[in-house]
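Colleague: For reference, the sequence and a predicted model appear below.
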Amino acid sequence: MLRIRTMTDADVPLGMALKQQANWNQLEADWRRMLALEPDGCFLAEIDGVGVGTTVACTFGEVAWIAMVLVDERMRGQGVGKALMLHALEFLDQRGVRSTRLDATPLGQPLYAKLGFEVEYTLVRHAGELTAPNDAHGEPSVRIAPAPTWDDLIAFDTTINGTPRGKFLRLLFAEDPAAVRCVAENGRITGYLAVRPGCHALQLGPCLASPEAGPLLLADAWRRYAGQRVLLDVPEQHGEAMALARRMGLQPQRPLVRMCRGPSVGEDVQRLWASSGPELG
Ligand SMILES: CC(C)(COP(=O)(O)OP(=O)(O)OC[C@H]1O[C@@H](n2cnc3c(N)ncnc32)[C@H](O)[C@@H]1OP(=O)(O)O)[C@@H](O)C(=O)NCCC(=O)NCCS
């Protein structure tokens, strides 16, 4: 019998096994961050008491993100994914959420389309080992963003992302404060970039920035992480970010389709140089 219940820290090993099966990049820290962000919004599907699937829903006021929709490959095509999604959507309805967003894999997209999600745009996941940059000098205008500036980074992020996702960014920044970099002009933030580890590669992003600050932040990351394996999720329509990813030595790996159910949040895609990954935009 299929049953859906709240996921807890004790279920992280199952979450890790499912994401391993799908060859995703998350670490235990990613699961624990999501559980900390929305303890009542992380769900596990069980068949006869055995865990077979997961979904997490994270609210930011009237906007929510759904992520980690995973079903054990032996149990697919039997309605588990749909049941998890319906459960998460009901949870979000009860919370008064108006717009729910997610980044769909090609396997997930048909399921989400049936549940009323509409395509916004495509992100291209780039992957590979960063080449050595031609210019070995640093970018003097890019500096570490110290903790007292994080509120400014978050306010800047909200104007571009259309979602007040400060509770996520604060946790992410605190995990590795030295990896949070920013550019400011006349004391005002014009861009920032954060990085987090993964089991296959470093995830470079989020990087939200003005047209001037975006290339500086990505060039700074290129130098700092040269020789390392990275992932970079770039909007396909952002020509300059796409070109920069190729110059950094990265190859397009797979598409992620950003979808929304409910009114658009008015994201400014031209100032999105790299998303934070497929979990929270
Ligand atoms: C995507 C995934 C979660 C779907 O789970 P599932 O349990 O197999 O899906 P369901 O059996 O509940 O299918 C629900 C509906 O979507 C449809 N559907 C599901 N996967 C589909 C696919 N790949 N192609 C076409 N339709 C699909 C089903 O036909 C069903 O339609 P119906 O309601 O009209 O009968 C599962 O394939 C998976 O874990 N994939 C690997 C991880 C992944 O990519 N997750 C998505 C992240 S965005």
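Modeller: Looks like it came in fine. Since we're looking at a predicted model, the values are computed, not measured.

Colleague: Tell me if I'm right that Leu272 and Ser210 touch.
Modeller: No: between Leu272 and Ser210 there is no contact under CB atoms under 8 Å: 11.6 Å. Placement of C-beta: from N, CA and C, glycine included.

Colleague: who's more crowded, those two?
Modeller: Neighbour totals were compared for Leu272 and Ser210, and Leu272 leads with 26 against 17 (other CB atoms under 10 Å).

Colleague: Provide a list of residues in contact with the more buried one.
Modeller: Ile160, Asn161, Pro206, Cys207, Leu208, Pro235, His238 (CB atoms under 8 Å, 6 or more residues apart in numbering).

Colleague: Repeat that for Thr158.
Modeller: Counted by CB under 8 Å, 6+ apart, Thr158 has contacts Pro164, Arg165, Gly166.

Colleague: As a check, name the ranges of all helices in the stretch 151-281 of the chain.
Modeller: Per DSSP state H, counting those that start in this stretch, the stretch 151-281 of the chain carries helices over the ranges 166-175, 213-224, 239-247.

Colleague: how about the first one: buried residues?
Modeller: Yep, that's helix 166-175 we're talking about. Gly166, Phe168, Leu169, Leu172, Phe173 (16 or more other CB atoms under 10 Å).

Colleague: Can you dump the C-alpha atoms of that helix in CSV for me?
Modeller: What follows is helix 166-175, C-alpha atoms only, in CSV (Å, rounded to 0.1, in the frame of the first residue of the first chain):
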residue,chain,number,x,y,z
GLY,A,166,16.6,34.9,2.1
LYS,A,167,16.1,31.9,4.4
PHE,A,168,17.8,29.7,1.8
LEU,A,169,20.6,32.1,1.0
ARG,A,170,21.5,32.8,4.6
LEU,A,171,21.9,29.0,5.2
LEU,A,172,23.9,28.6,2.0
PHE,A,173,26.2,31.5,2.7
ALA,A,174,26.9,30.4,6.3
GLU,A,175,28.1,26.9,5.0
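
Colleague: same for it, what does it pack against?
Modeller: Here helix 166-175 touches helix 28-37, strand 50-60, helix 150-161, strand 188-196, going by 3 or more CB pairs under 8 Å, 6 or more residues apart in numbering; DSSP states H and E.

Colleague: excluding its backbone neighbours, what's nearest the closest residue to the ligand within the chain?
Modeller: Nearest to the ligand in the chain, going by CB to the nearest ligand atom, is Gly81, at a distance of 2.4 Å. Distance criterion CB to CB, 6 or more residues apart in numbering; nearest residue to Gly81, sequence neighbours excluded, is Val71 at 4.9 Å.

Colleague: Model confidence for the one you found, exactly?
Modeller: pLDDT, Val71: 98.

Colleague: If it is in a bridge, with which residues?
Modeller: In this entry, Val71 is beta-bridged to Gly53, by DSSP bridges.
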